[in-house]
Each structure stands twice: as structure tokens, then as C-alpha cells.
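Engineer: Output the structure for:
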Amino acid sequence: MRKNMTSKKQIKDTFFDLIKIDSVSGEETKVAFYIKRYLKRIGVDASQDKFGNVIARLDGYGEFLALCAHMDTVEPGRGIEPVVKNDIVRSKGETILGADDKASITEILEAVKYLKIKNIKHRPIELIFTCGEEKYFAGSINLNYKKIRSKDVIVLDHSMPPGAIIMKSPFIYNFEIKIKGKSAHAGDVPEKGVNAIKVTGDAISELKIGRINKTTTLNIGEIKGGIGINTVPEEVYIKGEVRAYNQDSALRQIDLVSKAFKKSSRKHKARYYFKSSLKCPGYRHLRTNSLIKEIVLVNKELGINSKFIDNAASDANIFNKKGLNSVVISKGGSNPHSIRESIKITHMQKMISFLVEICT
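Structural biologist: The predicted structure is shown next:
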């Protein structure tokens, strides 16, 4: 069993290179170039599809396995300055760190480098580095699947110590609402107006916002309306989302939202426009899943405790919808999408060991 085969310095150098490259969603060109150049130096050809996703393949023996990480980060993710103390890497505190998901990219690159340098016999491996994951999985939705031969895909995109395996992920529905009232002077003739904010408030008061039950949430995240304090607001725009592990539960909440705004609009004689869309398909795995069983076995061999958890969405949601068998695992790290984000280099080291073992 190969443990800690890559030095901490080597890991840190690659990781720091990556996180110093700004790559907020939609601006992944430079990090894609870095990945392709890195792979070329170790004898692996990589290409990009029309959307910008980076795809590479290593020939081998046996069944194909794909490893996936996303190249984009959230804001504030520009000008990141990493600092390391006592094995823990953080940003200076004004930005995210970008371990989500550049720690995963580092782990994949270093694992592949180790296999190539040591000339270790391995299974056929495909590498997928996606764009726009943080923008509802734009890269995996637009990926050129004709280039992918693997049936199994491991997605490294969960911020926990090594060993976490994601068993299910929710369906996510977005909704947008427009309330059209009638403007009027708020001081002279307010009775001639139809206050769109009032319509919105009455509708929201009819809804349960936040956690609906153990498996379902409803959030209204954006409300925009009004042009001045002396004018009855004519229009309000509302955006929100529903997440549920059961699709029927998600659709029930969407229906409740629609009915609440429709009822309030009728009451106040306003017009109402509503649309919703499935932004992310959910999935559920069983522990008998062949890839999960393989992951658990490798974890056991490396002394990593497997932990089965539920999680938010990732590229795996799209892969599973496309008919692939995709499992998300943790790559180390904590507090993603925040300026408190951090990761231990030893956890990255352990994940490199994991990737080498599962590929051989």
C-alpha cells in the first residue's frame, strides 16, 4: 500500500500555483491552460471541448474510471493570497481560499504524476475538469459526452476530511415571479395604486420559508421593487429555490408558492407571472453500488474511515442524469464559499494516496 507518496512541498507548490490563478465562474481559461500544460509535461495529452471543459485520457488495463473536479470558484475569489501554518492552508482572510475545488485538481494532478513517474500499471483513466460548476453545473451540462468512455465517475467536490461518500443529493427547482401592480402618488392618491410590495408580503406570509421538513427546503433569496418612497411600487421581482430529496416534495412546494402569489395577486387586483425550472436533478445511491463498494475498500486499506452522508448538488447530479455512475467523495477542507475556508495539506496527501490506489 502506497501512503504519502507525494511530498507536502510538492503538493503545496501545485496547490498554490492553482489558487493564485483567478478563475471565478466564467473565467476559467487561465487555470485550464495551467492544467493542460501540467499534464503535457508529464506526458498526458489534454484537450478542451467547445464549452471549455478540459478532458484527458491515460491508457491502461481494465475498466475505465473518470476523475472529476471543477475549475471555477465563487466570489470573493480574486487575488487570493494563501498562507500556511501548522499544516493548514488558509487565505489571508479577505477572499475564499479556493480549495473548492482546486484542492481536488491538485490531488488529481499529483496522483497522475505519481503514476507516470513511477511507471505504475493502472486502469484506463479519464480526467474531467469542468467549467461553471458553481453556476448550476454549466460545464457538465455542456460536456462533450462523446469523448467520455468511463461508466464510473468519481467527483472530488465535498469539503470534509477524507472518507466522506455522498449517498444522495437533492432536486433543485428555481422559481421567478413578477408582480405587476399600479403606480400612484403615495401621498396624494395612494388608493389609486396597487402596491406590488404589499402583494408580495401577503403572499410570503402564507408560506413556510426555510426548512420545510428533514428533506425539503424553500428559500426566497431575491426581492427587487420600487422606485421611490413617494411612489406606490408597481412592480416587484422575486427569485427563490426549492430543494428536496424527493421530486414530488419539491414540486408540491413549487405549487404552494405559485398558489400563494396567485391568491394575493387576485386579492389586490394585481397581475402575476410565475415560472419555475428544474436546475438540478437529484439522485440516490445504495451501498451496494459497485463504485461505492470499491471506494470503501480502498478507504479501509488506507486506514480511512468511510462516512456516508447526504450533500448539496455537484457535477455528479448531471453525470448521473446522463446515465453514468457518479459518486462524490470528500477531498479535505472546511468552510467552503467563505473567507474562513481552509484545508490540511496532510488531508490532500492522503487523498493522493487514495486516488493512486483506486486507479491501480
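Engineer: Can you give me the neighbour number for Lys146?
Structural biologist: Around Lys146 there are 7 other residues, counting by other CB atoms under 10 Å. The C-beta positions use only the backbone N, C-alpha and C, and glycine is treated the same way.
Engineer: How much space separates it from Met167?
Structural biologist: 30 Å (CB to CB, to the nearest Å).
Engineer: And Lys135, by the same measure?
Structural biologist: For Lys135 relative to Met167 (CB to CB), the value is 25 Å.
Engineer: repeat for Arg41
Structural biologist: Taking CB to CB, one finds Arg41 at 37 Å from Met167.
Engineer: Who has more neighbours out of these two?
Structural biologist: More neighbours surround Met167 than the other of Arg41 and Met167, with 18 against 10 (other CB under 10 Å).
Engineer: Quick one: the strands in the stretch 1-150 of the chain, in order.
Structural biologist: 46-48, 54-58, 65-70, 82-85, 88-91, 125-130 (DSSP state E, counting those that start in this stretch).
Engineer: Run through who's touching the last one.
Structural biologist: Contacts to strand 125-130, defined as CB atoms under 8 Å, 6 or more residues apart in numbering, come from residues 32, 35, 39, 44, 46, 53-58, 60, 64-71, 105, 108, 112, 115, 137, 139-140, 143, 148-150, 153, 315, 359.
Engineer: what lines up beside it in the sheet?
Structural biologist: If you go by DSSP bridges, strand 125-130 pairs up with strand 54-58 (antiparallel), strand 65-70 (parallel).
Engineer: Counting neighbours, show which residues of the longest one come out buried.
Structural biologist: Counting neighbours by 16 or more other CB atoms under 10 Å, one finds that the buried residues in strand 65-70 are Leu65, Ala66, Leu67, Cys68, Ala69, His70.
Engineer: From Val83, how far off is Val24?
Structural biologist: Taken as CB to CB, the span from Val24 to Val83 is 21 Å.
Engineer: for Ile128, same thing?
Structural biologist: 30 Å.
Engineer: Same drill for those two, tell me which one is more crowded.
Structural biologist: Ile128 (25 against 12).
Engineer: Roughly how far does the more buried one sit from Arg266?
Structural biologist: For Ile128, the distance to Arg266 - CB to CB - is 49 Å.
Engineer: got it, and Asp49?
Structural biologist: 48 Å.
Engineer: So which of the two has more stuff around it?
Structural biologist: Asp49 (18 against 12).
Engineer: quick one: contacts for the more buried one?
Structural biologist: Ile55, Asn142, Leu143, Asn144, Lys147.
Engineer: these two touch, right, the second one and Phe51?
Structural biologist: Yes: if you go by CB atoms under 8 Å, Asn142 and Phe51 touch, sitting 4.0 Å apart.
Engineer: Grab the most central residue of the protein for me.
Structural biologist: Central residue of the chain (CA atoms, centre = their mean): Ser314, 4.0 Å from the mean position.
Engineer: Leaving out the residues flanking it, which one is nearest to that residue?
Structural biologist: Once flanking residues are discounted, Ser314 sits nearest to Asp157: 4.6 Å by CB to CB, 6 or more residues apart in numbering.
Engineer: Helices of the stretch 251-360 of the chain, start to end?
Structural biologist: 290-301, 315-321, 345-358 (DSSP state H, counting those that start in this stretch).
Engineer: List of residues touching the longest one?
Structural biologist: With contacts defined as CB under 8 Å, 6+ apart, helix 345-358 is touched by 1-6, 8, 11-12, 15, 65, 67, 84, 87-89, 103, 106-108, 110-111, 114-115, 120, 154, 156, 161-162, 294-295, 298-299, 301-302, 304, 331-333.
Engineer: what mean pLDDT does it have?
Structural biologist: Averaging pLDDT along helix 345-358 gives 97.
Engineer: Over to the first one?
Structural biologist: Here helix 290-301 scores 98 as its mean pLDDT.
Engineer: now the shortest one
Structural biologist: In this model, helix 315-321 has a mean pLDDT of 97.
Engineer: For it, name the packing helices and strands.
Structural biologist: Counting contacts by 3 or more CB pairs under 8 Å, 6 or more residues apart in numbering; DSSP states H and E, helix 315-321 is packed against strand 65-70, helix 138-141, strand 152-158, strand 164-169, strand 283-284, strand 325-330.
Engineer: Mean pLDDT added to those, as TSV?
Structural biologist: As requested, the helices and strands packed on helix 315-321 are exported to TSV (pLDDT from 0 to 100):
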stretch	mean pLDDT
strand 65-70	98
helix 138-141	96
strand 152-158	98
strand 164-169	97
strand 283-284	96
strand 325-330	98
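Engineer: I'd like the distance between Ile166 and Val74.
Structural biologist: 19 Å.
Engineer: Please identify which of the two sits among more neighbours.
Structural biologist: Ile166 (25 against 17).
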